[in-house]
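**Student:** Build the 3D model from these lines:
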Amino acid sequence: AKKLTRKDLQTDHPYNTYTRYGLPPTPIAIPSEASLLAAIRPSQESSLYFVARGDGSSEFSTTLAQHNNAVDRFIRKMKP
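**Tutor:** Reported below is the predicted structural model:
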C-alpha cells in the first residue's frame, strides 16, 4: 500500500468521502467475525484511550494524563 497523498484526497470518485457527501455506494470493507463478536460482547476493560505505536502494537491508558504521556513518547520516538 502506498501513502495517502493530498492528490488522493482531491480525486473525485464514488468512494472518496472527502469529495462526496454521505456513504459510498457499497461497503468499503467486510468486518471479521472476531470484530463483530467484539462489538456485541465487548471485553470489560478500564482503558479509554490508545496510541498506535507504529509497529502493529498499541499502548492503552485509563486516564487522559497517561494517554497524553503515551502520545508524547510516540512523537519523540518518531522524530529523527
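
**Student:** now the strands for this structure?
**Tutor:** For the chain, the strands defined by DSSP state E occupy 49-52, 58-61.

**Student:** mean confidence for the first one?
**Tutor:** For strand 49-52, the mean per-residue pLDDT is 94.

**Student:** could you pull out the helices for this structure?
**Tutor:** Assigned by DSSP state H, the helices in the chain fall at 6-10, 33-40, 64-78.

**Student:** Next, format those as TSV and append distance to Y21 and mean neighbour count.
**Tutor:** C-beta coordinates here come from the backbone N, C-alpha and C atoms, glycine included. Formatted as TSV, the helices of the chain follow (distance: least, CB to CB, whole Å; neighbours: other CB atoms under 10 Å):
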stretch	distance to Y21	mean neighbour count
helix 6-10	15	9
helix 33-40	26	9
helix 64-78	32	12
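
**Student:** now for these, which one comes closest to T17?
**Tutor:** Of all those, helix 6-10 sits nearest to T17, with 9.8 Å by CB to CB.
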